[in-house]
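Student: Could you look at this predicted model? Sequence included:
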Amino acid sequence: MSFVSTGFLLFLLIGVIVYYFLPKKVQWIWLLFISYFYYSTYGIKPMFFIICTTISTYFGGRLIEKYSNEGANKILENKATLTSEGKKKIKAKTKTNKRKVLVFMLLFNFGILAVLKYFNFGSENINGIMHKLLGIQYTITGMDFILPLGISFYTFQSMGYIIDIYQGKYQADKNIFKFALFVSFFPQILQGPIGRYNRLAHQFYEKHYFDLTKIQKGLQLICWGFFKKLVIADRAGIIANQVFDHDDKYAGVMVIFGVLAYCIQLYGDFAGGMDVVMGTAELFDIKIDANFRQPFFSHSISEFWRRWHITLGTWMKDYIFYPFSLSKVMNRFGKFSKKRFGNAIGRVLPICLADLLIFFVVGIWHGASWKFIIYGLYNGFIIAFSSLFQPVYDKMFEVTHINPKTRVWRLFQIFRTFILINIGWYFDRGNSLKDAVYMMFYSVKGFSFSTIIDGSLLKLGLNQIQIIILFGACVVWFIVSVLKEKKIDVREAIARRMLPIRWAIYIALIVSIPLLGTVSAKVGGFIYAQF
Amino acid sequence: MRNFKKILKCIIFTMICCIIFAICDFVFVPSGYVRVILHTLNYSDEKYDCIILGASHGRSAINPYKLDEELGTNAINLCIPSETMEDSYYLLKESCRNNKPKTVILDLDYQYWYDLVENNFSDAFIYYQLEPSKVKAEYFFHNLLNKDVRITFSRWSNYISDFKGIKDKVSIKLDKEYNDCDIEGAVVKGADGPYVGNGFFYRGPGGHGARGFVTRVEWNDSKVDEKVVKQFKDIVDYCNANGIKLICVTSTITPATVLTKTAEASAKFFTKLTAQYGVDYYDFNLLRQDVMPRGNLDFGDWDGHMCGALADKYSSIMASVIKDSQGGKVDRTKYFYNSYATLYEDVHTVMYCQTELAITKKEDSTYNISFDIDSLAGSTVVPEFQIIVGTTTGAEVLYDYTKQTKYSFDLPQGTYTIRVNARAVGSTAEYEEYCEKPAVLE
């Protein structure tokens, strides 16, 4: 049941009405019911996997907590008689037990994800190595696995929970059904954001009273999301699909235009989807984490990744970056590199490695293909490179007397970051790694400014009116982004206006969705719902 | 009180939005003919007892007045271009709201049985025209829940397609004819002929010139959409439950297209399917030539949209077949070939030839023209082809009749017309079929 389907709207209407009519104590049960109902509309078989992850994570969390409590109780009970050696032993044993459970949980759940999502990719590569390098003619046959919708999101969310329990950040949930709601909460199940238990779960069990203002705000956000998705992203998607699906036909400005269109499509699609998700959750009086913070105002790639798909970035940072860069091995490597390369480089080298690792994982997370791995590593390399060369940049500023705090320099940084981000899209959207490189080559080779004015750009699927609509809608979006960047709450600002102005804005937004929405069977569906 | 005010505001806001969408519908949506037909169906003084369902082939082929003459019925043709089996089901139900049909003639067109591309944007056009009723509600719950939210609440796919036509659309909708649901107030596309009444358009004679290639579709039973079969079953069940006699037919299509054998394969499937549900089925592609003589030009295109003159004859023959069936048993040999093999044998000419030129400029500034000829003929016919090159000053036979289907020759710069004549080996006709292709060599 897609967010843009009639059924979803009806489902939402019934879901919200019943939710506020129910006794407050059982509201979460209703949420759980409708979340599972929603997921079941995508098929019954995928439910097996989400149930499997829920049950295993729940019991894993309980077991880890049991070991923690047992260890702590043992120390407490034998406080008087225990030597510090004895305490250490108990702690070590507790840690070992907890770690065993954690490792099993991670292997089991990421294993499911790996098998379902990456088995065929892995087997293709192993076959390639066996056939071409080792001369072994044995072939591992690919499997036709079903890929449950949202598996990457709910697996990461659940594994974040179990790692937090392991680290003792909070207590494991005692109620498996309440935990099941945390894993399956329907607005975020398909395309995130990747929620954190300590910020999300408690909201489910609080009493939620009907508040028309909240409902209105939720609906406003949903409409704004639809606007981004249906008016902007789907329209830009027509150009992007035309260029990327016929990459051998286009060169120069046409390809660059296609990449820019993809940039708009992806951002509009994902950010629009997130607005619908957040707006839907707001209808149930649930606040979920934002996934975007005006990413194209970033001054560097690393800042971009703190503003784009924020919840994935923070997940990677908390559960891969820190554990990896603070590990004993990296500690030793840091010491080694400081000795070998000096303090400046030695200090940042372990961080660079950790960056590369997380962006390798980000690449794989995006899909089972080398182009995604290269996409991830491309970002990782730029960030690592920036860190390594920071002293050089500082020196350059000194020598050239450039003040990096001036407005012009900051605008240049935004523009530079924008270009670097767009280079990355070649890998992300290209049909294959080879095609991405081919398109990059032809972006430069066939470049001609005359293409901009000779009408060629109108042959990519959108006529002049459509391009004007796209441009106009992007300007509206840009203005809203600037206001948000200036910390202005746009919804609040509109709400403070006089009724006729306020309504005119709301009506314009609502009417624009069908009036200016894209009419094409070639686009549709949310891109990130495929993860 | 404060809450009441808030809720009232919400209601007013929603009403304003609805009014704006209604205005958009009025301004942007063209006036189609479906509303006229449905209005006739629901509000005609005469009640219809014979309903004809199907898609565009049925619309151009079945003249309800001819059925009435022969069968004494009061028939209406509800065949609408792009009408799916699902649409037919709901149109049948809609018919039963204000009429008491005794017979339903369902035209089975193989194009609507497989490889159906789900189009979220356009396939609710019948839904829009249904009056608010239980049938419409049922349509909504069965068909629209999975579709884009915009199509349910507005006819948005029409909104941005044609800003320039707004003036015409508005002026048509302000006309008396439109408001009286008169066909004069409707914009009809693709009918290629005047409206006769009761859903039937009298298509004008088809020309030969603009026709391109015959689409060759490989029918495969396993490709048949299960959803369509289920919807067909729903129609059967509905008819059985309401005491309606269901008769399935496949209307005759262009003779050349029949020779691609898709009609044969699909008819085999329809015969099996209808037999399974105990429904009468008549494949009118098997009509004997002596019963209904027909050629390609009796149809508007290769696809099989019948022209009015033949449609009148065809409808009368169909009525006779139905009458015979009502009288007991249809003597199929009286009307039909006993098999497609016999039909193919009875075609003694080349029915179709077509080609596409490949032009390459050579280093010596001449041009090479090469092409393959695609043709269709009866099973006992061996086609032969003649190539004529025409210029502004005259025409010259470049290759006289041979069985060769591949050609390649050079021409100097200039503007030419390449004509391919085709006939059966042994025929003395100048040509039986032909195609002409312009070649501008510059």
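Tutor: Sure thing, it's come through. Everything quoted here is computed from the prediction, not taken from an experiment. Numbers count the residues shown, from 1 in each chain, chains lettered A, B, ... in the order given.
Student: Wait, a helix at residue B:101?
Tutor: No: according to DSSP: H, G, I helix; E, B strand; the rest coil, residue B:101 belongs to no helix; its state is coil.
Student: what kind of secondary structure is residue B:213 in?
Tutor: Relying on three-state DSSP, one would call residue B:213 coil.
Student: For chain A, what's the nearest residue on the stretch 1-150 of chain B?
Tutor: Of all residues in the stretch 1-150 of chain B, residue B:145 sits closest to chain A, at 3.4 Å by C-beta to the nearest C-beta. Any C-beta I mention is one placed from the backbone N, CA and C, and that applies to glycine too.
Student: Excluding chain neighbours, what is closest to that residue?
Tutor: Leaving aside its chain neighbours, residue B:145 sits nearest to residue A:7 (3.4 Å; criterion: C-beta to C-beta, 6 or more residues apart in numbering or on different chains).
Student: pretty sure the residue of the stretch 1-150 of chain B closest to chain A is touching residue A:9, no?
Tutor: No: at 9.4 Å, residue B:145 does not count as touching residue A:9 under the criterion of C-beta atoms under 8 Å.
Student: for the residue nearest to residue B:145, what are its contacts?
Tutor: A:1, A:41, B:145, B:146 (C-beta atoms under 8 Å, 6 or more residues apart in numbering or on different chains).
Student: so how far is whichever strand or helix holds it off the chain centroid?
Tutor: Taking DSSP states H and E as the criterion, residue A:7 maps to helix A:6-21. On the basis of C-alpha atoms, centre = their mean, to the nearest Å, helix A:6-21 sits 27 Å off its chain's mean C-alpha point.
Student: So which bits of stretch B:25-39 are buried?
Tutor: B:25, B:27-38 (16 or more other C-beta atoms under 10 Å in any protein chain shown).
Student: err, stretch B:365-382, not the other one
Tutor: Applying a neighbour-count criterion of 16+ other C-beta under 10 Å, one finds B:367, B:369, B:371, B:373, B:374, B:375, B:376, B:377, B:378, B:381 buried in stretch B:365-382.
Student: cool, stretch A:167-181 as well?
Tutor: A:170, A:172, A:173, A:178, A:179, A:180, A:181.
Student: Quick one: end-to-end distance for that stretch.
Tutor: In stretch A:167-181, first residue to last residue: 22 Å (C-alpha to C-alpha, to the nearest Å).
Student: can you list the residues that contact it?
Tutor: With C-beta under 8 Å, 6+ apart, stretch A:167-181 has contacts from A:28-29, A:31-32, A:35-36, A:51, A:54-55, A:57-58, A:61-62, A:64-65, A:68, A:164-165, A:182, A:197-198, A:201, A:204-205.
Student: on that earlier part again, which single one of the buried residues of stretch A:167-181 is nearest to chain B?
Tutor: Ranked by distance to chain B (C-beta to the nearest C-beta), the buried residues of stretch A:167-181 are led by residue A:181 at 24.6 Å.
Student: after whichever strand or helix holds residue A:265 comes which helix or strand?
Tutor: Per DSSP H and E: residue A:265 is located in helix A:253-283. Note on helix A:253-283: by DSSP H and E, the next helix or strand toward the C-terminus is helix A:301-307.
Student: And the average pLDDT for the helix or strand just after that next one is what?
Tutor: Using DSSP H and E, the helix or strand that follows helix A:301-307 in sequence is helix A:310-316. Computed over helix A:310-316, the mean pLDDT rounds to 92.
Student: now swap in stretch A:431-447 and tell me
Tutor: 87.
Student: do stretch A:50-66 as well
Tutor: Stretch A:50-66 comes out at a mean pLDDT of 94.
Student: Repeat that for stretch A:281-299.
Tutor: Stretch A:281-299 comes out at a mean pLDDT of 93.
Student: Using neighbour counts, pick out the buried residues of it.
Tutor: A:281-286, A:288-289, A:291-292, A:294-299.
Student: With stretch B:258-275 instead?
Tutor: By 16+ other C-beta under 10 Å, the buried positions in stretch B:258-275 come out as B:258-267, B:269-270, B:273-274.
Student: chain center to that stretch, what's the gap?
Tutor: The chain centroid and the centroid of stretch B:258-275 are separated by 17 Å under C-alpha atoms, centre = their mean.
Student: quick one, helices of the stretch 251-400 of chain B?
Tutor: In the stretch 251-400 of chain B, the helices defined using DSSP state H, counting those that start in this stretch lie at B:255-258, B:262-276, B:308-326, B:332-335, B:340-345.
Student: and of the ones you listed, who's closest to residue B:194?
Tutor: Evaluated with C-beta to C-beta, the helices of the stretch 251-400 of chain B place helix B:308-326 nearest to residue B:194, the distance being 8.6 Å.
Student: Counting by contacts, list what that closest one packs against.
Tutor: Using 3 or more C-beta pairs under 8 Å, 6 or more residues apart in numbering or on different chains; DSSP states H and E, the elements in contact with helix B:308-326 are helix B:56-61, helix B:64-71, strand B:103-107, strand B:245-250, strand B:280-283, helix B:332-335.
Student: counting contacts, what elements does the fifth one pack onto?
Tutor: Counting contacts by 3+ C-beta pairs under 8 Å, 6+ apart, strand B:280-283 is packed against strand B:245-250, helix B:262-276, helix B:308-326.
Student: now the longest one
Tutor: Applying 3+ C-beta pairs under 8 Å, 6+ apart, we find helix B:64-71 packed against strand B:50-53, strand B:75-77, helix B:308-326.
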